[in-house]
Structures are given as structure tokens and as C-alpha cells.
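Q: Task: produce atomic coordinates for the following.
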Amino acid sequence: MSTGRLSTEPPTLFRWKVFVMACGTSWLLYLHRYVFALIKPKLMEEWNLGKDELGLMDSAFAVFYTGFQIPLGIATDALGVRLLLTAMIVVWSLGLALHAWAPSPRFIWSARAVLGLGQSAVFAAQSRITRTWFPPSVRTTVQGWIGIFFGRFGGLSANLLIGSLMLGVLHMPWRTTVYVMAAVGLLHAAVFATFFRNSPRRHPAVNDTEVALIEADEPADKSDAASQMSFRQLITRMRPRSIVNLLALNLQTILSTLADNIYSAWIPLFLAEVHGLQFKEMGVYAALPLLGGALGGAAGGWLNDRLIRSTGSRRWARSAVGLAGKGIAGLVLLAALLWYDSPRFFCGMLFFVKFFSDWSLTTTWGVVTDIGGRTSATVFAFNNSVAGVGSIVGPAMFGAVAEYFGWVPVFLTAAATYLACAATWILIDSGIPIIAAAADGRTSKDHPE
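A: Presented below is the predicted three-dimensional model:
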């Protein structure tokens with residue numbers, strides 16, 4: 001890349017290759033994460049496990065996923081996305097392979113822990129990618145595609161590719177299937193390490209015009225080395241108003257994570273137990289909610305950017321999309337119980353639940369990059385780490401409820417959680433930066449972009 005002169009050539013388009021790699025990472029992350037939900041019926045059959053025990057195994061994943069969010073998020077800001085994200089992809093792929101290797105339930109716990117460690121700060125790194133490689137005008141839309149659409153599409157692909165095709169149609173042994181998927185993960189890590197760079201300024205395939213386009217209306221510190229600020233320094237430089245705002249965002253994410261656990265951990269087993277479905281049908285029906293989530297994530301990103309441009313209010317555009325999405329999701333889930341006895345119609349209704357729920361997840365990404373600034377990976381990691389309360393409690397809670405009270409109370413609990421989550425968006429203000437403007441080297445505007 002040329003430097004030090006004004007370029008009149010058209011911009012290169014390498015940022016869209018970065019977009020493809022980031023989308024592939026999200027897709028693979030959820031593809032691998034949803035494998036455990038699909039093999040639960042096999043584990044129950046082989047080792048006579050109860051749903052409460054399976055839920056605790058999911059919680060083991062969540063403990064490590066939560067516990068390493070902050071340290072690896074800080075490391076990502078300090079050492080760069082390329083090194084940390086490559087390492088995380090390798091670790092989580094090895095963790096997935098350990099599921100197939102495990103000779104007994106005791107070893108499954110270790111496999112869940114390694115998978116959780118590897119996936120812990122991936123979206124913190126993805127948040128950093130969107131801030132570094134894309135201009136503000138399209139950033140939330142890009143985040144919707146990377147973080148939500150392709151994440152949910154990965155879960156959908158797990159149900160169709162692994163559940164319906166590999167396990168259901170081809171009748172592959174589940175352990176062989178898991179090993180194949182782990183190998184795909186290692187290959188993706190090699191591709192990412194080869195072609196990604198932490199900054200467009202450092203990439204030989206990016207010209208000055210594309211750098212100028214990406215960095216439009218952004219402070220200069222965005223394009224180069226990541227922040228060296230520790231988490232303790234970050235907290236000490238926050239104002240009380242910023243802390244309250246961050247806590248509201250944390251509560252929203254906890255509730256959202258808690259409700260969404262039914263899709264990542266329980267729908268395939270619910271369909272097998274209540275409706276007696278085999279892998280071929282189970283994969284198709286379990287994929288419907290995730291298709292809704294994928295489309296909702298993309299729609300939510302577009303809707304955020306559209307409302308921000310049309311209203312001129314980033315704060316209320318974000319809050320309106322978040323509140324509406326979670327509120328509608330809760331009401332539709334309650335209505336879906338009218339079709340509880342029909343897996344086709346029930347999962348069809350869950351399509352709409354996830355559509356509206358996940359368009360607000362894009363909004364969460366937008367708020368994090370709005371308020372986080374140059375520490376966005378650290379802020380994202382902290383928000384996800386606190387939200388880990390939901391991912392730790394959810395599997396154990398839903399597993400115990402399903403085991404001792406049945407499946408209907410599981411869905412009623414999730415609906416109530418969505419409605420409570422909607423209310424938190426009234427309190428969240430994306431115009432309040434984590435660090436005061438003067439301390440962060442910004443202008444005095446409330447909006448960080």
C-alpha cells in the first residue's frame with residue numbers, strides 16, 4: 001500500500017474480503033457450538049444421562065466462556081485480532097474434537113470447558129474488526145450480518161448439515177461427524193491467519209483510497225495499534241452516568257442470553273422427546289427459529305442505520321429497535337404455545353420469535369461500538385462476560401425445569417424473560433461513551449462516532 005500521498009485511484013475492496021472471513025468465523029463458531037445440542041439424544045442413550053445433567057454440562061461451557069471474556073478481550077485490544085482470534089479458533093476446534101474423543105461423561109466436561117475457552121472472546125474480536133475495517137455509515141449493518149445473520153446461519157447449518165444430512169440421511173457416526181467439523185475449524189484458522197491483518201493501513205492489498213474511506217469521520221487512533229488500557233484503568237476513568245448505562249446494557253444482555261439458551265441447547269432434544277422426531281426431521285424443524293434469527297439480525301442492522309439517518313437520534317433509534325424486538329418476541333412466544341402440539345407450526349412461530357429477538361442483538365453490537373470507542377473489544381468482552389450469568393444459569397435452570405416440570409414452563413419462562421429484556425432498552429443510551437470525551441481524545445459530542 002502506498003503512503004504519504006493523496007491517491008486518486010478507486011478504492012480497493014479488501015474490506016469485503018475481511019467481511020467474508022469474519023462472516024465465516026461467526027458461521028463456524030455457531031456451527032460448532034450447536035453440535036452438542038444435536039448429540040444430546042445420543043449421549044442420553046449411550047450414558048443414560050438426564051436433562052439436568054446435560055444442562056450442567058452446558059453450564060460448564062458457559063463458565064469458561066464467561067470467565068475468559070474479559071482477559072481475552074483485553075488481550076485482543078492489546079495484542080491484536082489476528083493473533084488472538086486465530087488462537088481462539090484453533091482452541092475451540094480442538095475442544096470440539098475432544099467431544100468425540102471423550103470415553104465417558106467425565107471427559108465431556110473437559111471438552112465443554114475447552115470449547116468455551118476458545119469461543120469466549122470471539123465476538124469481542126469481531127466487534128474490533130467491524131470498528132477497524134468498516135466506516136460508521138455501514139457499521140451496524142455489517143455487524144448485523146457478521147454477528148447475527150451468519151452466527152444464526154451457523155446454528156441453522158448445524159441442524160441441517162449435521163443433524164438432517166450427516167446424522168439423519170448419511171447415518172454417519174456422530175463421533176466421525178464431530179471430527180470432520182473440527183478439521184474444518186483448523187483449516188479456517190489457517191486461512192484467517194494467512195490473509196487477515198489488524199489494520200487496513202498494514203495490509204498490502206489495501207490502497208490509500210480505501211483507507212480514507214474506512215477511516216472517514218473517525219479519530220486517528222482507530223487505524224493503528226490497539227489500546228493498552230487495562231480493565232481497571234477503564235473502570236476508574238468511567239463517570240457514574242457511564243457506569244449506570246453500562247449496567248443497563250449488561251442486564252439487557254443477561255436476559256437476552258438467558259432466553260436464547262432454549263435455541264442453542266434444547267430445541268432438538270425437545271423435538272425428540274415430545275414429538276418423537278428423528279434427526280432428519282428434527283434438523284429441519286430446529287433450523288426454522290435460527291433462520292428467523294439470521295434474517296432478523298440482518299434486518300436489525302439495516303433498520304438501525306436507517307432509523308439513525310432518518311431520525312438523527314442514535315440513542316432513540318437504538319432503543320426503539322431493541323425494545324420492539326424483544327417485546328414482540330416475548331408476545332409471539334406466548335402465542336406460539338397455542339400450537340405446542342404441532343412441531344411444524346410451533347417451530348414456524350419460533351421463526352418469528354427469533355426474527356424479532358435477534359434484530360435487537362444487532363442493536364447491542366451497535367451500542368457497544370458506540371460507547372466503547374477504542375476500547376470496544378474490552379467493553380464487548382465485559383458485556384458478554386457479565387451476560388455469562390445468563391449462559392451459566394440458563395442451561396442448568398432450563399434442564400432442571402424440563403426434567404421435573406415439563407417443557408411448557410421452559411417456554412413460559414423464556415417469554416417472560418424476553419418481556420423483561422424489552423423494558424431495559426428504555427434505560428440504555430448509546431450516546432454516553434464509556435470514557436469521557438476529553439479523556440478519550442474525542443470531541444465534546446455525546447456520540448462517539
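Q: only C-alpha atoms for contact and neighbour calcs from this point on.
A: OK.
Q: where along this protein do the strands fall?
A: Under the criterion DSSP state E, the chain carries no strands.
Q: for it, which spans come out with low pLDDT?
A: Scanning the chain for pLDDT under 70 picks out 1-7, 217-235, 374-377, 436-449.
Q: and Val408, how many neighbours?
A: Number of residues near Val408 (other CA atoms under 10 Å) recorded here: 12.
Q: what sits against it?
A: Leu337 (CA atoms under 8 Å, 6 or more residues apart in numbering).
Q: From Tyr285, how far out is it?
A: Here Val408 is placed at a distance of 18 Å from Tyr285 (CA to CA, to the nearest Å).
Q: got it, and Ala299?
A: For Ala299 relative to Tyr285 (CA to CA), the value is 22 Å.
Q: Would you mind telling me which of those two has more residues around it?
A: Comparing Ala299 with Tyr285 by other CA under 10 Å, the one with more neighbours is Tyr285, at 27 against 22.
Q: I am assuming the more buried one contacts Pro343, so please confirm or correct that.
A: Yes. The criterion here is CA atoms under 8 Å, and Tyr285 meets it with Pro343 at 7.2 Å.
Q: Could you give the number of residues near Ala396?
A: 20.
Q: That one against Gly50, yeah?
A: No. Judged on CA under 8 Å, Ala396 makes no contact with Gly50 at a distance of 11.5 Å.
Q: so what secondary structure elements neighbour the longest helix anywhere in the chain?
A: Longest helix of the chain, by residue count under DSSP state H: helix 279-311. Helices and strands touching helix 279-311, by 3 or more CA pairs under 8 Å, 6 or more residues apart in numbering; DSSP states H and E, are helix 136-143, helix 150-157, helix 240-265, helix 267-275, helix 314-336, helix 343-372.
Q: and the angle from the fourth one to helix 279-311?
A: So that's helix 267-275. If you take axes from the mean of the first three to the mean of the last three CA atoms, to 10 degrees, helix 267-275 sits at 130 degrees to helix 279-311.
Q: May I see the buried residues of helix 267-275?
A: Using 16 or more other CA atoms under 10 Å as the test for burial, helix 267-275 gives Ile267, Pro268, Leu269, Phe270, Leu271.
Q: okay but Asn189 is in contact with Leu84, surely?
A: Wrong residue type there; residue 189 is Ala, not Asn. No. In this structure, Ala189 is not within contact of Leu84 by CA under 8 Å, at 10.8 Å.
Q: between the buried residues of helix 267-275, which is nearest Ile426?
A: Checking these against Ile426 by CA to CA gives Ile267 as the nearest, at 30.6 Å.
Q: Would you check how far apart the closest one and Val191 are?
A: 33 Å.
Q: ok, so what distance separates the nearest residue to Glu403 once chain neighbours are set aside from Pro41?
A: With sequence-adjacent residues excluded and distances taken as CA to CA, 6 or more residues apart in numbering, Glu403 is closest to Lys51, at 5.7 Å. Lys51 is 10 Å from Pro41, where distance means CA to CA.
Q: Neighbour count: the two, which is higher?
A: With neighbours defined as other CA under 10 Å, Lys51 and Pro41 compare such that Lys51 has more, 23 against 20.
Q: ok, now which ones touch that one?
A: Gly399, Ala400, Ala402, Glu403.
Q: Thr311 contacts Arg318, doesn't it?
A: No. Between Thr311 and Arg318 there is no contact under CA under 8 Å: 10.9 Å.
Q: Which of the two has more residues huddled nearby?
A: Arg318 (28 against 10).
Q: okay but that one is in contact with Thr363, surely?
A: Yes. Between Arg318 and Thr363 a contact is recorded at 5.9 Å, counting by CA under 8 Å.
Q: who touches both of the two?
A: Contacts common to Arg318 and Thr363, judged by CA under 8 Å, 6+ apart, are Asn304.
Q: what about Leu160, distance to Arg201?
A: 40 Å.
Q: One more: Cys23?
A: 21 Å.
Q: So for the two, which residue has more residues nearby?
A: Legend: neighbour count by other CA under 10 Å for Cys23 and Arg201, higher for Cys23 (24 against 20).
Q: State the distance from the more buried one to Ala158.
A: 15 Å.
Q: same deal with Ile371?
A: 34 Å.
Q: again, but for Phe68
A: Distance from Phe68 to Ala158, by CA to CA: 25 Å.
Q: again, but for Trp133
A: 29 Å.
Q: Among these two, which residue is more densely surrounded?
A: Neighbours per residue (other CA under 10 Å) separate Trp133 from Ala158, with Ala158 holding more: 29 against 26.
Q: Please list the outside residues in contact with stretch 257-272.
A: By CA under 8 Å, 6+ apart, stretch 257-272 touches 33-34, 36-38, 40-41, 58, 155, 277-278, 282-283, 286, 289-290, 343, 387-388, 390-391, 393-395, 398, 407, 410-411, 413-415, 417-418.
Q: measure it end to end?
A: 24 Å.
Q: and that stretch, how far from the chain's centre?
A: In terms of CA atoms, centre = their mean, to the nearest Å, the centre of stretch 257-272 is found 16 Å from the chain centre.
Q: Could you do stretch 178-196 as well?
A: 19 Å.
Q: can you count the residues close to Pro135?
A: The number of residues packed near Pro135 is 20, by other CA under 10 Å.
Q: how much space is there between the closest residue to Phe149 other than its chain neighbours and Ser164?
A: Among residues not flanking Phe149 along the chain, Ala294 sits closest, at 3.7 Å (CA to CA, 6+ apart). Applying CA to CA, the value for Ala294 to Ser164 is 19 Å.
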